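K.L.:
Model the structure of this input:
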Amino acid sequence: MDPNEDIDFDPAVAEDVEERILEQRMEKVQRLLEIGRFAESEREIRGLLADHPYNAELHAALAYVLFQSEKFDDARRAALDALGVDAENVRARIVIAQLHEHSGEHSQAEKTLLEALAIDPMDAEVIFRYALLTYRAGQLDKAQRLSERALAIAPGLVSAHQLLSAIATERHKSGAAHAHSDISLHFAPDEDSSHWAKGHVCLSTGRPFAARRHFREVLRHAPGDQAALEALVEADRCCRLIYLPAYYIGLVLDRVPGGPFVLWGGFLVVSAGMRSLDVPDHVRGFVSFGYLGLCIYTWLARPLVKLWMKIVPTK
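P.N.:
The predicted structure follows:
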């Protein structure tokens, strides 16, 4: 081949190569985000933006990373930059909605998400974000409908399964809660959010030992997660033999109006009932003292286990 010979240059091929390189670098960013390395993600995206300053998705991705890093003013600027390049960019609107919610502007957050849905009514991520917003506002029915709508579009949307698991847990529907958290683990077994969701369900449904395992897994993925550490300590507390009976009694009382007052009120009812039924004194005394001991135990169990955990802390 003559080195002086002209080489045909195909712009389409060059563009394809450039797009593949961009996709590979964005995949790297996604991996960094999954393990919570936001500073590295920010540097990587800013490097990409130096080569692609008019890529709205990159500006929106930067806005998301900055929001996760709690750089809220910078996140807003990056989101507005994305909208400056593409006025209909949905990802940027999601970040702006999150910023509104963080500022306590629920109605503005809802308005922004509705604008995003008007642009793309079939965007499962936007629908999920709207579901999450309504869940945090205490609108469980609406949050459930929106989550189910998101899953109808994207059955593998892990975050929607996790939200439905949380909703079912609050409604004491343990079967549905475990089903959705299991699906989340199936689709994303290495994500700390999946183990967090499963741990929360287990702790709320009488499986403290399983909850402890899942919260340890969260900390393995995110060692600095303070909320996960607190959850692990709580699960470990419930696993201690000195507290385990009180934990199960508490699960039952949580479903009864009045909670602990019912337990103490029951003591008075049982004592009065045995007197009216003319139960023998020795039986009445045995039952009354036994019931009173149970009440006192539930009252003292938490301070006792706290003391024990100072001696033998969570590992």
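
K.L.:
how far does stretch 124-138 sit from the chain's center?
P.N.:
12 Å (CA atoms, centre = their mean, to the nearest Å).

K.L.:
Need the contact partners of it.
P.N.:
Outside stretch 124-138, the residues within contact range by CB atoms under 8 Å, 6 or more residues apart in numbering are 90, 93-94, 97-98, 101, 106, 109-110, 113-114, 116-117, 120, 142-144, 146-147, 149-151, 153-154, 157, 159-160, 163, 166-167. C-beta here means a position set from N, CA and C on the backbone, and glycine is covered the same way.

K.L.:
next one: stretch 201-210
P.N.:
165, 169, 174, 177-178, 181, 198-199, 211, 214, 231, 234-235, 238-239, 244, 247-248, 251.

K.L.:
CA atoms only: put stretch 200-220 into CSV for me.
P.N.:
Extracted in CSV, the C-alpha atoms of stretch 200-220 (Å, rounded to 0.1, in the frame of the first residue of the first chain):
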residue,chain,number,x,y,z
HIS,A,200,-36.5,-4.3,56.3
VAL,A,201,-39.3,-6.8,55.4
CYS,A,202,-37.7,-9.6,57.4
LEU,A,203,-37.3,-7.4,60.5
SER,A,204,-41.0,-6.4,60.2
THR,A,205,-42.3,-9.9,59.8
GLY,A,206,-40.6,-11.9,62.5
ARG,A,207,-37.4,-12.9,60.8
PRO,A,208,-34.7,-11.0,62.7
PHE,A,209,-31.8,-13.4,61.9
ALA,A,210,-32.4,-13.1,58.2
ALA,A,211,-32.7,-9.4,58.5
ARG,A,212,-29.4,-9.3,60.3
ARG,A,213,-27.8,-11.2,57.4
HIS,A,214,-29.2,-8.8,54.8
PHE,A,215,-28.1,-5.7,56.6
ARG,A,216,-24.6,-7.1,56.9
GLU,A,217,-24.7,-7.6,53.2
VAL,A,218,-25.7,-3.9,52.7
LEU,A,219,-22.7,-2.9,54.8
ARG,A,220,-20.4,-5.1,52.8
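
K.L.:
buried ones in it?
P.N.:
Within stretch 200-220, the residues that count as buried by 16 or more other CB atoms under 10 Å are 200-205, 207-208, 210-219.

K.L.:
Inside helices: which ones of these?
P.N.:
Counting by DSSP state H, the buried residues of stretch 200-220 place 200-204, 208, 210-219 in helices.

K.L.:
Which one of those residues is nearest to residue 65?
P.N.:
Residue 65 lies nearest to residue 218 out of those, by CB to CB, at 21.0 Å.

K.L.:
Run a quick check on the closest one versus residue 194, I expect a contact.
P.N.:
No. Look at residue 218 against residue 194 with CB atoms under 8 Å: they stay out of range, at 9.1 Å.

K.L.:
sorry, back to before: helices - which of the contacts of stretch 124-138 land there?
P.N.:
Assigned to helices by DSSP H, the following of the contacts of stretch 124-138 qualify: 90, 93-94, 97-98, 101, 106, 109-110, 113-114, 116-117, 142-144, 146-147, 149-151, 153, 159-160, 163, 166-167.

K.L.:
re the thing from before, among the ones in helices among the buried residues of stretch 200-220, find me the one that's closest to residue 279.
P.N.:
residue 208 (36.4 Å).

K.L.:
Give the burial count for residue 254, as a bare number.
P.N.:
11 (other CB atoms under 10 Å).

K.L.:
Distance from stretch 167-184 to the middle of the chain?
P.N.:
That offset, for stretch 167-184, works out to 13 Å (CA atoms, centre = their mean).

K.L.:
hmm, which of the contacts of stretch 201-210 are the buried ones?
P.N.:
Neighbour-count burial (16+ other CB under 10 Å) is assigned, among those, to 165, 169, 174, 177-178, 181, 198-199, 211, 214, 231, 234-235, 238-239, 244, 247, 251.

K.L.:
are any of the ones in helices among the contacts of stretch 124-138 buried, and which?
P.N.:
Among the ones in helices among the contacts of stretch 124-138, the ones that count as buried by 16+ other CB under 10 Å are 90, 93-94, 97-98, 101, 109-110, 113, 116-117, 143-144, 146-147, 149-151, 159-160, 163, 166-167.

K.L.:
domains of this protein?
P.N.:
As recorded under automatic domain parsing, the domains making up the chain are 29-121, 140-239, 241-315.
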